[in-house]
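S.K.: Let's see this in three dimensions:
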Amino acid sequence: MNIEIIEATSPEQIEQFRALLLEYFQERPNGFSERMAQDLRDLPGRYAAPRGGMFLALCDGRPVATAAWTQHTPALVEMKRVYVQPEHRRKGIARALSQHVIEIARARGFAQVAISTWADATDAIALYRKLGFTEIPPFKASTVPDVIYLGLNLSPAQPSGMQVVKVSGSELDDPAFLAQFAAAVAQMKRAGAQPIVVHGGGKELTQLLTLMNAPTQFVDGLRVTDAKTRDAALMVLSGLANKRLVAALIAQGVDAIGLSGLDAGLIRAERLNDALGFVGRPVGVRATLLTAWIEQGLTPVIAPMSLGCDGEIYNVNADHVAGAIAAAVDADLLTFVTNVPGVFDRDKLLIPHLSAAQVEAMIADGTIFGGMIPKVRTALEALDAGVRRVRITDLAGLASGGGTVFASPA
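M.R.: So this is what the prediction gives:
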């Protein structure tokens, strides 16, 4: 017997899911509710991505079982419609489907998986208890009689392995923000992560340029950089912003080392175009140096000023530097710390996970708009550069593991 679990996304798969769901409901005619009828009519309905999913278990290529999930709150996933045809029960299929949903919920940062089931469904209840579920108070209103509620608390996946954290420079002059950011990075280290911090500093650079009576001009979000502006950027980014951040991290017990892309030729850059002046794009990262420093217990804190292949010094967008570093060291996660918790749906609920296709659809229908569009575009560009997972979150999300995660299809 060969069992395969697939996500039901095509019209044919959705109809197969619907047929099995009808069998499921026919086994419990006394428990049939309007909500169940609505599920049959509306599939995928509330199980549609990005706030849900439907799965089929195939036995030798034939669909024999179902499971689904839907986001009930920002923290809670409800597991639904776990059904196995009678002749295929007691073969571990329901367990495999349930574990599949649990792992999806855990990977997407939810705190709890909950399920409601009939009080006399002894086999199902026994399975859920073996998986770690315990009885909980009702998490929703129900018209179905004799139902019990079970929940499984998910330990947030502890950060591990190499992680790159990019923080903008807009709040690095705020002592409270700086202390909270440093504390979050220190917690990551204690939990087993090996962070690399990349930072910007555009706000203070603009202030310095104003004092210098130097005009500030942006093209497509990039600062036009003549020699005077480049030298000012070097002073602010590799000097004040970098060392202030290093000091805050050391105060939290993190052995931080302040660097720029210039040091040891850590990041090599090419001129982006003549119109922007000394603005570069990263074309190489000495990943072995970063790895060696991390193996010595050091946390690199990197300003984005970089060494050109032509020997010039270039101002490079910190987002692009973070993406290049994350790809070069094969980081588990690249996090952009912004001023928003992540991407929200139309109901103002945080979306824990998005694919590139879902992002494009949400931009097209207006769910993602305004200042969030460049943020998600940056995340997708990092995926294109070879980063495995990218997260957008705020300072609170960095500390708690929250935010919206973007990942390329497996």
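
S.K.: where does the nearest residue to residue 394 once chain neighbours are set aside fall, phi/psi-wise?
M.R.: With sequence-adjacent residues excluded and distances taken as C-beta to C-beta, 6 or more residues apart in numbering, residue 394 is closest to residue 341, at 5.0 Å. Yep, even glycine has a C-beta here, placed from its N, CA and C like the rest. Torsion angles at residue 341 (phi, psi; degrees, to the nearest 10) stand at phi -70, psi -20.

S.K.: Test my guess that residue 154 contacts residue 112.
M.R.: Yes. In this structure, residue 154 is within contact of residue 112 by C-beta atoms under 8 Å, at 6.2 Å.

S.K.: Neighbour count for the two, which is higher?
M.R.: Taking other C-beta atoms under 10 Å, residue 154 and residue 112 do not tie; residue 154 has more neighbours (21 against 17).

S.K.: residues near residue 30, how many?
M.R.: The tally of other residues near residue 30 (other C-beta under 10 Å) stands at 8.

S.K.: Ok, the one 4 residues further on next?
M.R.: Applying other C-beta under 10 Å, we find 8 other residues in the vicinity of residue 34.

S.K.: Use 42 as the first number from now on
M.R.: I'll keep to 42 as the first residue from here, and by that count the last item is residue 75.

S.K.: what separates it from residue 81, distance-wise?
M.R.: Residue 75 is 11 Å from residue 81, where distance means C-beta to C-beta, to the nearest Å.

S.K.: what's the answer for residue 266, then?
M.R.: Relative to residue 81, and taking C-beta to C-beta, residue 266 is found at 60 Å.

S.K.: Compare neighbour counts for these two and give me the winner.
M.R.: Neighbour count, other C-beta under 10 Å: between residue 266 and residue 81, residue 266 has more, with 22 against 13.

S.K.: So what sits opposite the more buried one in the bridge?
M.R.: Beta-bridge partners recorded for residue 266 (DSSP bridges): residue 318.

S.K.: Give me the pLDDT for the residue nearest to residue 435.
M.R.: As predicted, residue 382 sits at a pLDDT of 86.

S.K.: and it, what is it in contact with?
M.R.: Taking C-beta atoms under 8 Å, 6 or more residues apart in numbering as the criterion, residue 382 is in contact with 391, 434-435, 437-438, 443-444.

S.K.: Among those, which ones are in strands?
M.R.: Judged by DSSP state E, strands contain the following of the contacts of residue 382: residue 434.

S.K.: ok, residue 236 - contacts?
M.R.: 204-206, 226, 229-230, 340.

S.K.: and the two most separated of the residues you listed?
M.R.: 205 and 230 (13.9 Å; C-beta to C-beta).

S.K.: Most neighbours among the contacts of residue 236, which one?
M.R.: residue 205 (30 neighbours).

S.K.: Mean confidence (pLDDT) on the helix or strand hosting that one, please.
M.R.: Counting by DSSP states H and E, the element that carries residue 205 is strand 202-208. Strand 202-208 comes out with an average pLDDT of 93.

S.K.: which residues are in contact with it?
M.R.: Under C-beta under 8 Å, 6+ apart, the answer for strand 202-208 is 222, 226, 229, 234-241, 286, 335, 359-360, 362-363, 366-367, 370-378, 439.

S.K.: From those residues, list the buried ones, please.
M.R.: Using 16 or more other C-beta atoms under 10 Å as the burial test, the contacts of strand 202-208 include 222, 226, 229, 234-241, 286, 335, 359-360, 362-363, 366-367, 370, 372-378, 439 as buried.

S.K.: quick one: which of those sit in strands?
M.R.: Checked against DSSP E, the buried ones among the contacts of strand 202-208 include these in strands: 234-240, 374-378.

S.K.: which helices and strands does the helix or strand hosting residue 248 pack with?
M.R.: Applying DSSP H and E as the criterion places residue 248 in helix 243-252. Under the contact definition 3 or more C-beta pairs under 8 Å, 6 or more residues apart in numbering; DSSP states H and E, helix 243-252 sits against helix 268-276.

S.K.: can I get the CA coordinates of stretch 270-281 in CSV?
M.R.: Taking Å, rounded to 0.1, in the frame of the first residue of the first chain, the C-alpha atoms of stretch 270-281 are listed here in CSV:
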residue,chain,number,x,y,z
THR,A,270,27.0,61.8,-0.6
ARG,A,271,29.0,58.6,-0.8
ASP,A,272,31.5,59.9,1.8
ALA,A,273,28.7,61.0,4.1
ALA,A,274,27.1,57.6,3.8
LEU,A,275,30.4,56.0,4.8
MET,A,276,30.6,58.2,7.9
VAL,A,277,27.0,57.5,9.0
LEU,A,278,26.5,53.9,8.0
SER,A,279,29.9,52.4,8.8
GLY,A,280,30.5,54.8,11.7
LEU,A,281,27.7,56.1,13.9
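
S.K.: Sweet, I'm off.
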